[in-house]
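J.: After the sequence you'll find the predicted model.
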Amino acid sequence: MLVRKINSQVLFHPESLGDISALKKFPGMEETAIGTTCPAKGPIFRNIYSRLTKANPKLSFKLSPEAKQLLTVESLSELPKSFTFHTQPLRHQLVALRFLYTNKGGGLLLDPGLGKTKVCLDFMYLEKFHRVLVICPKALMFVWEEEIARHRPELTSHQFLTTDTDQLREARGKTVWIMNYRKASILEEVLLKEKFDAVFIDEGLVKDPTSDQTEAITKLSKKIPVKVIMSGTLVNNTEGDVFAPIRILEPSLVGWSYGKFRDEYLSTWQPYGKSED
């Protein structure tokens with residue numbers, strides 16, 4: 001199988017029936033006009049290449065020099081020297097911020113109580129986002145307001161306490177839009193018409209791929225360039241809990257079909273039905 005980098009994508013070009021079969025069974029990547037691809041991002045390509053070669057040890061992979069370079073593990077980017085903190089981070093918060101800055105989003109899976117909200121607020125300020133969407137449990141909406149005042153008073157925010165669309169006029173002048181999961185689901189069509197630079201999904205309550213809530217937030221996230229899922233307890237039931245959150249963050253890792261992912265990777269009972277979508 002020939003593997004080469006084309007602009008922002010890595011192309012997997014099958015050269016045999018075995019190659020075609022391996023790609024067809026693989027629950028991830030995208031079928032595009034140029035063929036089967038994944039984003040040309042080091043962590044993504046390394047993950048996919050590792051799983052493909054492990055699942056198909058008899059296949060021969062021919063990597064272009066650019067593709068080989070993506071297999072090299074990079075160090076985390078240093079923060080710009082001009083960047084300053086309003087409140088000083090702990091060491092793990094600094095590492096977490098550099099992780100988000102390097103990868104332009106991702107899963108922030110620090111244990112509860114380790115200050116994920118501060119990390120995300122510093123990331124918003126560092127990236128100079130014009131507008132971000134924060135989706136969180138209802139009880140945490142006021143926590144976000146308090147954390148903004150404490151750690152990043154430079155940011156402006158608006159809480160969506162109702163689903164009244166009249167408040168959009170006021171919200172559009174703010175950087176951080178804060179709403180709970182239910183309101184995000186109800187306002188899905190309205191939010192799809194707005195432009196966001198990033199979405200922050202607090203507590204990662206998007207684990208059931210068959211729920212209306214997960215479907216709405218997945219649809220919203222597809223339009224937003226930078227995605228962050230915050231959770232200290234991402235896996236509550238079985239390993240199947242990781243599918244829907246990862247599909248939001250990077251669908252090329254798991255694919256869009258839960259049924260295909262389940263059949264390939266999950267050997268235990270799953271709580272999310274048997275739908276192929």
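T.: Right, received. Where do you want to start?

J.: what's the burial count for residue 135?
T.: Residue 135 has 27 neighbouring residues, counting by other CB atoms under 10 Å. To be clear about C-beta, it is placed using only N, CA and C from the backbone, and glycine gets the same treatment.

J.: partners of whichever strand or helix holds it in the sheet?
T.: Using DSSP states H and E, residue 135 sits within strand 132-136. Strand 132-136 sits in its sheet next to strand 176-180 (parallel), strand 198-202 (parallel), going by DSSP bridges.

J.: Identify the residues contacting the first one?
T.: So that's strand 176-180. In this structure, residues lying in contact with strand 176-180 by CB atoms under 8 Å, 6 or more residues apart in numbering are 124, 131-138, 141, 144-145, 148, 155-160, 171, 187, 196.

J.: Low-confidence bits of the stretch 151-277 of the chain, can you list those?
T.: Residues of the stretch 151-277 of the chain meeting the criterion pLDDT under 70: 267-277.

J.: show me where it has helices.
T.: Taking DSSP state H, counting those that start in this stretch to define them, one finds helices in the stretch 151-277 of the chain at 168-171, 181-186, 188-192, 212-222, 243-249, 258-265.

J.: Can you tell me the centre-most residue of this structure?
T.: residue 249 (2.1 Å; CA atoms, centre = their mean).

J.: For the nearest residue to that one once chain neighbours are set aside, grab the count of nearby residues.
T.: Distances taken as CB to CB, 6 or more residues apart in numbering put residue 227 closest to residue 249, at 5.4 Å, once the chain neighbours are dropped. Counted with other CB under 10 Å, the neighbours of residue 227 add up to 20.

J.: try residue 89
T.: Residues contacting residue 89 under the criterion other CB under 10 Å number 16.

J.: you'd agree it is up against residue 117?
T.: No - with contact defined as CB atoms under 8 Å, residue 89 does not reach residue 117; the gap is 12.0 Å.

J.: show me where this structure has strands.
T.: Counting by DSSP state E, one finds strands in the chain at the ranges 2-6, 9-13, 30-32, 35-39, 62-63, 106-108, 132-136, 157-159, 176-180, 198-202, 226-230.

J.: For my notes, please list those strands in a markdown table and give distance to residue 49 for each entry.
T.: Putting the strands of the chain into a markdown table (distance: least, CB to CB, whole Å) gives the following:
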| stretch | distance to residue 49 |
| --- | --- |
| strand 2-6 | 8 |
| strand 9-13 | 9 |
| strand 30-32 | 16 |
| strand 35-39 | 9 |
| strand 62-63 | 8 |
| strand 106-108 | 19 |
| strand 132-136 | 32 |
| strand 157-159 | 41 |
| strand 176-180 | 37 |
| strand 198-202 | 28 |
| strand 226-230 | 22 |
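
J.: Nearest to residue 192, out of these?
T.: Across those, residue 192 has its closest neighbour in strand 132-136 (11.2 Å, CB to CB).

J.: now what about that closest one, what contacts it?
T.: Under CB under 8 Å, 6+ apart, the answer for strand 132-136 is 124, 143-144, 175-181, 184, 191, 196-203, 217, 220, 224.

J.: ok, back up a step: deepest in the core, which of the helices of the stretch 151-277 of the chain is it.
T.: Greatest average neighbour count among these goes to helix 243-249 (a mean of 23), per mean count of other CB atoms under 10 Å.

J.: Tell me the helices and strands packed up against that one.
T.: Other elements packing on helix 243-249 under the criterion 3 or more CB pairs under 8 Å, 6 or more residues apart in numbering; DSSP states H and E are strand 106-108, helix 212-222, strand 226-230, helix 258-265.
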